[in-house]
Each structure stands twice: as structure tokens, then as C-alpha cells.
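K.L.:
Curious how this folds, go ahead:
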Amino acid sequence: MKIYTTDKIRNVAVLGHGGAGKTTLVEAMAYLAGVTSRMGKVDDGNTISDYDKEEIKRGFSITTSVVPVEWGDTKINLLDTPGFFDFVGEVEEAVAAADAAIIVINGKSGVEVGTQKAWEICEKYNLPRLICVTGMDDDNASFRQIVKDMQELYGKKIAPFHIPLRANEKFIGLINIISKEAYKWDRNGNTIPTDVPDYSMPNLELLREALMESVAETSEEYMERYFEGDEFSENEIRQALRVNVTDGSIVPISVASGIVAHGVYTLLDDIVKYLPSPDKKQCKAINIKSNEVYDADFNFAKAKSAYIFKTIVDPFIGKYSLIKVTSGVIKTDDVLYNEEKGMDDKIGKVYVIRGNKPEEVSELHAGDIGALAKLNKVATTDTLSTKAIPLTFIKTAISQPYTYKSYNPVNKSDVDKVSQALQKMMQEDLTLKAVNDSENHQTLLYGIGDQQLDIVVSKLLDKYKVEITLDKPKVAFRETIRKKSDVEYKYKKQSGGHGQYGHVKMTFEPSGDLETPYVFDQIVVGGAVPKNYFPAVEKGIQDAVEKGPLAGYPVVGVKAVLYDGSYHPVDSSEMAFKTAAIQAFKKGFMEASPILLEPISSLKVVVPDSYTGDIMGDLNKRRGRVLGMNPIEGGKQEILADIPTSELYGYNTDLRSMTGGSGTYSYEFVRYEQAPSDIQEKEVAARAAE
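P.N.:
As a prediction, this is how the structure comes out:
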């Protein structure tokens, strides 16, 4: 592949709802650009961007893949992203490297939740965007309805650049709104000029007038000319629209059919004409030495720097760090410094990656996307720079995973292999987390949703040859007491020679502090228990609170007071008093009205207004207490509630089901509260059965 300068590069994230046709569109662009000699199909499992076995098996994208295509004198780095919500981390990595986006909408399915989420992420990252309505070869596709729906959602900034030409319920060509020209495709896909049908003229004039208004608003001179009835030249229109598209005040909407590659040629032209090159965007870092803001700004003349936006770890092709060059020109055998890890890295060869196929290049200019192989210890979101000007860029904000299950290797001997495989997978996917929960003797796997966790299980088996099972995780209950008890325990053992003797009288009562396991005090008088045995008694309590007598959960909020007892001058020992204290605790705890405490989480749910009733009803069923609601941007409500943590199991699936995928949630542990009697009985019985 040729070397491209910054002004000849476009980095474009392809976003949209799952199944909208993103991968098919990317495949069509690659085919038209001459990357492939024939178009692959998602159903056939032979597309460039869906190369992973899981993607081929399931028929949808799981990871973001980079597909660079050359169009004229411009290199377009297409970042094909997954549309399913479980893989939002992949989308976030892609938009961190993109300078613009294409939002793909299926002409038949129309505007979906994923369309709106794609728009929201573009707004968050301030990305200029084009909208492409695909599947126009389908009889039921309605371009007019999609334009109407998008304008209702986002206003008049949604501006069609083309109108589809249809004949006999087939997509046969396009009408260009700017030039007022129409063309259709012949059998070989070549364009033939044709007349604008009479029935399309009123719509064409209406849409063109709206475009001209937008053009007029770009300058006072244009505004005057517009009111005087002056016609703008095609060049003036395009130049003005380029400004509008770059600043986001106009979002062009056009049509295509990815399957037969109709309209895709025009889309590629529009990407080059209207979407900005990296040098039109700001890019700021912190200079670690001076602690000042550094304007990298994709300037090829500045010191070398790059941001690692994604990592690929594959047992067969090895590890690749996908980079976006943020300043300078990165060349083969450069030595770059990683401030975060405090080490130099000789980068060796420089690659561009197309899907999963690396191609060696001599250099990458600022703004370009490429890959470096086998770097030491680097991770996604790290910055590479020079030692003279050490930089760090703001790290990509990756969604926090809240769905979790416990996992166990099917073969106990595979524990280490599973751990190593998950470490590699976590390098690739920052929304995946493996956590050791020693308190409940379980290992937990966190992800964005159940589908993601199922795919992890499948990948472990296929790629790493290890098998795990996923189960419902245990919840971290606690035990405490509500009343006071007064107990005595004498530990006496005779087994020839020295015996064992420890005798304690103790009270147990609530301490009032559920943050602390226990408080120990002694009020022994007259040396009934010698001082040197007090630490042994406390050690007994310390050991006993680790597993409570009720259901084996850690104990909190107990005050233990040693007030009397007796000892034997020969047979007493620290061990004997420790044992006596443990037994006294068990007896005293069960006599002091023991209860289970369950963890309570503070839950935040964000949903469109129309779903608030359903969500509140569901939270009540889950024993949640709604604390309040806050209206937020985009016609949404933020619902705040306290809810038992155990009731959040499976919540992700239910929330998506209730809201069509538009609801999001987050939570954090806040405190412990007494569990209802039915929950306590069930838990105690389950622990007894174990």
C-alpha cells in the first residue's frame, strides 16, 4: 500500500444497529476500491471484516476491524464496528480512532435503537457524520420514511443529498439533489444519465430548497445572495456544505444497496469530499516533563507520538497493537517510549491491517491508522512517544461491565490455562473482567451482557482448547445479631500428660457498627482469667467471625465482652482459651437473635420517558425502592433506586427486553440491610445443604 500524507487520509467509523448492513457496505466499498475481486457475503462467512470464527458462525460482527481502502488519491480507513449492544467497548475504541462516522440504517427496518445510540456516540465524540440508508433493493425499503423519522428526531440538519430512483419496485438509480441530475445503473453497474421523473420533481425542489437555506447560512454574503434570488454554483454549494458537514450543522443522508454495490461509488466520493482529514481536528496530550498541554494535532512535523486504540491477541497471528499516529511520522525500527510503563520499545516493522491480514509499510504519517507487532507490555489506551517529549493522551472511556456470572473450568487441571487465556482476551476486550472473589470462594466473569459472556466461553473452547461453565454467582451476605446473650463455655481435655483447659464467660451484643466485624473488650476482675490469655480469646473471636454460625457468611457488628472465667495453672494454654472463645461465640451468636444481612446497591437506570412506568413496576417486583427521577437530555429519565444486589441478576436481559435495548443501567454497593425472613430461610437451608 502507498504512503499517504495526513490531508489524504479519512478515518471513518461505520456505526449502526445490529443487522443494518454495516459489514456488507464495507465489503462493497472494498470491492469497488479494488481490494477484492469479488464481494464476500456475511451469510457465506467470507467478508474481510468478519474474519473471526465466532463472527462467521454467528453471522454478525463481534469485534471492530479496520479495512483500509484507496479511493482516488485518498486512503479511507474504515472501522467496521459491531451493532449489538454487548460489544459497545469495540465501538468506543473505534470512535476514539475515528475522525468521522457513517451511520448505517436498514431501509426496511428503519430507524432503530442502535441508530439512536450511534447518533449519541457521534454527539459525545463530536464526530461529523454521513447517514447511509442501505438495502434499497428491498421492495419494502422506504427512504422517505427514514428521512422523516430522522428529521423528527434530530431536526432539519438531516439533509438528503440523493433521492432513490425506483421503477417496477426496484432500486434503479439516484437523483443528485445538488446538481438536479439523475442517473441509473446498467447491467454492469455503470451509470447512465437519465431524466428526472415528473413525480420526483416536487420532492426534489423541496429538498433542494432546504439545502440552499443551509448553504446560505454559512456566510452573510451567501445569505444576501440567497434573499436576492441568486443561484449558487455547484462548487459554491459543495464548498459550503463541506463546512456544514465538518462542523456537524448538516448531516447528509444518501442511499445504497451494499449487496449489489449500487450507490456505494457515490458514498465513497462523499466520504472524500465532505468528511474531514485528521489535520482538521485538534488532538491534545499532556507533556509529562513540563506538565503542560501539548498540541499534537496530527502534525507530521512534530515529535513522533501514537495512541494505542485497540489490541488484537490471537494464538495464530500473535499480538498486534492498533495505533493512530497522533503526530510525526512513524517508521520501521523507530524506538518509542511508553511513559505509563516507563520503558522504551523498538517497534520493528510497521503494518497496516486489513481485517486480520497485516501488510508491511515503511512508514505511517500523522493521522493514519496502522499496527505494531509484539510490543512489550503495552496495552490498549497507552501512549507511545519520544523520551525527549514524553506524552500521554486522554484514555478512551470504556463502558463499565455490570453483568457477571461465576465460572469454573470443566477440568480442574485447566485452572492456569483458563486464567492465561482470559488474560489475553481481556487485553483485546476492555469490557471483559475476570475477578477472584475469595470471600465466596468463586471466580467471576464480568461483561456488558450475557451474549458477550457466552461468546467468551465459545472462544475459550475454540481458540484456547479449555472449557468453562457459567453459573449464577453467590451473593456476599453478612451475619449479625439483634439482641444480647450471656454465655459460658468451658473447654476441658485430658489426654495423658498436660491437658487443655480454658473457661470463659462472655456477653455478645450488637456493636452498632456494620462496617467492622467485631469489637472486643474485657472487664475481668480478680485475675479470673490471666491477662496473657486475653489476646488468645480475641484471636478466637477474630477466627469465629470469618464464617458465621448461621449460614457460614462473614459476621459484622458484634461486640464481644469477656467478663469472667477460670484457668488451670498447668493445663491452661492460649490454644485452649482460643478454642473456648470460638465455641462461646458460636453459642452466644445463635442465642442473640441472629439475622442475615443482604447487600443493597444504589441503582441508576436511564430510559426513554415512555418506559418509566414499566421500569418502576419491575423494580417494585425486585424489592427495589425508587428514590427519585431526574429528566435528562433526549427525552429520557434517570431513575434512582436502592435494590438488593441479589435481585440484579439477569437485570441486563430484562431491561433490554422491556426497552427494546434503549435502557442502560449502572449500580454500586452502598450498605447492608436485614434480609426478609423468606430470603434468610432459603439461604440458611441452601448453606446447610452444601
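K.L.:
Nearest to the spatial middle of the protein, which residue is it?
P.N.:
residue 89 (3.0 Å; C-alpha atoms, centre = their mean).
K.L.:
tell me the strands in the stretch 201-350 of the chain, going along the chain?
P.N.:
251-255, 284-287, 292-295, 305-314, 318-327, 329-331, 335-338, 343-346, 350-354 (DSSP state E, counting those that start in this stretch).
K.L.:
Out of the ones you listed, the one nearest residue 446 is which?
P.N.:
Closest approach to residue 446 among these is made by strand 305-314 (18.4 Å; C-beta to C-beta). C-beta: built from backbone N, CA, C; applies to glycine.
K.L.:
How far away from the center of its chain is the closest one?
P.N.:
16 Å (C-alpha atoms, centre = their mean, to the nearest Å).
K.L.:
what's the closest of the strands of the stretch 201-350 of the chain to residue 688?
P.N.:
Counting by C-beta to C-beta, residue 688 lies closest to strand 305-314 out of the strands of the stretch 201-350 of the chain; the figure is 44.3 Å.
K.L.:
how far off strand 350-354 does the closest one point, in degrees?
P.N.:
Counting by axes from the mean of the first three to the mean of the last three C-alpha atoms, to 10 degrees, strand 305-314 lies at 60 degrees to strand 350-354.
K.L.:
Mind giving me the packing neighbours of strand 305-314?
P.N.:
Packing contacts for strand 305-314, counted by 3 or more C-beta pairs under 8 Å, 6 or more residues apart in numbering; DSSP states H and E, involve helix 88-97, strand 318-327, strand 383-384, strand 391-393, helix 415-428.
K.L.:
now with 7 Å?
P.N.:
Packing partners of strand 305-314 (3 or more C-beta pairs under 7 Å, 6 or more residues apart in numbering; DSSP states H and E): helix 88-97, strand 318-327, strand 383-384, helix 415-428.
K.L.:
burial count for residue 673?
P.N.:
Residues within reach of residue 673, counting by other C-beta atoms under 10 Å, total 14.
K.L.:
Enumerate every residue touching it.
P.N.:
Residue 673 makes contact with 597, 598, 600, according to C-beta atoms under 7 Å, 6 or more residues apart in numbering.
K.L.:
can you pull the buried residues of the helix or strand hosting the last one?
P.N.:
Right, the one you point to is residue 600. Per DSSP states H and E, residue 600 falls inside strand 594-608. Of the residues in strand 594-608, 594, 596, 597, 598, 599, 600, 601, 603, 605, 606, 607, 608 count as buried by neighbour count, 16 or more other C-beta atoms under 10 Å.
K.L.:
list the buried ones in the next helix or strand after that strand?
P.N.:
Downstream of strand 594-608, the first helix or strand assigned by DSSP H and E is helix 612-621. Along helix 612-621, these residues count as buried under the neighbour rule (16+ other C-beta under 10 Å): 612, 615, 616, 618, 619.
K.L.:
ok, and the closest non-adjacent residue to the last one?
P.N.:
Nearest residue to residue 619 in three dimensions, chain neighbours excluded: residue 641, at 5.3 Å (C-beta to C-beta, 6 or more residues apart in numbering).
K.L.:
Going by distance to residue 228, which of the contacts of residue 673 wins?
P.N.:
Nearest to residue 228 among these, with distances taken as C-beta to C-beta, is residue 600, at 68.0 Å.
K.L.:
what sits against the closest one?
P.N.:
Contact partners of residue 600, counting by C-beta under 7 Å, 6+ apart, are 642, 644, 645, 670, 671, 672, 673.
K.L.:
Just the buried subset of these, please.
P.N.:
Neighbour counting with 16+ other C-beta under 10 Å marks 642, 644, 645, 672 as buried within the contacts of residue 600.
K.L.:
right, and the last one touches residue 514 too?
P.N.:
It stands for residue 672. Yes - counting by C-beta atoms under 7 Å, residue 672 does reach residue 514; the two are 5.5 Å apart.
K.L.:
Residue 575 should be in a helix, yeah?
P.N.:
Yes - residue state for residue 575 (DSSP: H, G, I helix; E, B strand; the rest coil) corresponds to a helix.
K.L.:
The residue nearest to it when sequence neighbours are not counted: neighbour count?
P.N.:
Nearest residue to residue 575 in three dimensions, chain neighbours excluded: residue 500, at 6.9 Å (C-beta to C-beta, 6+ apart). Using other C-beta under 10 Å, residue 500 has 18 other residues around it.
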